[in-house]
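Visitor: no sequence for this one, just the structure:
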């Protein structure tokens, strides 16, 4: 049986996933899309930079510094690419729903995302229980 804290965090995650989907990122201006994508890239890149810095130690050699810089750049590039794919997918799904006559495509998308998020939470909870 999940703890009350786990139920609360899972519920918050599901609700947040659905709510965020209501934002029409595919219809934002190009500048807003790029700005949001850059902002969302900062977090994983900063985390990777912190991890890389910690793992380098006190006196890193040039080879290790190059590897760390490459890892940080790779995280940044991957994050930006995923953002671009997210925008394109958002546009395609919304257009497809509109073509099929769905009156409120963002709401339909939010319900779908919340359902997928809830399914992921259930799978995670089941996996956690089995691991014990």
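Guide: Sure, I can see it. Please read these numbers as outputs of a predicted model, since none were measured by experiment. Numbers count the residues shown, from 1 in each chain.
Visitor: now whichever strand or helix holds residue 119: mean pLDDT?
Guide: Using DSSP states H and E, the element containing residue 119 is helix 105-131. Mean pLDDT, computed over helix 105-131, is 88.
Visitor: list the buried ones in it?
Guide: 105, 106, 108, 109, 110, 113, 114, 117, 118, 121 (16 or more other Cβ atoms under 10 Å). Every residue, glycine included, has its C-beta placed from N, CA and C.
Visitor: for the most far-flung residue of the chain relative to its centre, what are phi and psi?
Guide: What lies farthest from the middle of the chain is residue 59; by Cα atoms, centre = their mean that is 34.4 Å. In terms of degrees, to the nearest 10, the main-chain angles of residue 59 are phi -130, psi 80.
Visitor: re the thing from before, JSON lines for the buried residues of helix 105-131, including distance to residue 94?
Guide: Listed next are the buried residues of helix 105-131 as JSON lines, based on distance: Cβ to Cβ, whole Å:
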{"residue": "105", "distance to residue 94": "5"}
{"residue": "106", "distance to residue 94": "7"}
{"residue": "108", "distance to residue 94": "9"}
{"residue": "109", "distance to residue 94": "7"}
{"residue": "110", "distance to residue 94": "11"}
{"residue": "113", "distance to residue 94": "12"}
{"residue": "114", "distance to residue 94": "16"}
{"residue": "117", "distance to residue 94": "19"}
{"residue": "118", "distance to residue 94": "22"}
{"residue": "121", "distance to residue 94": "25"}
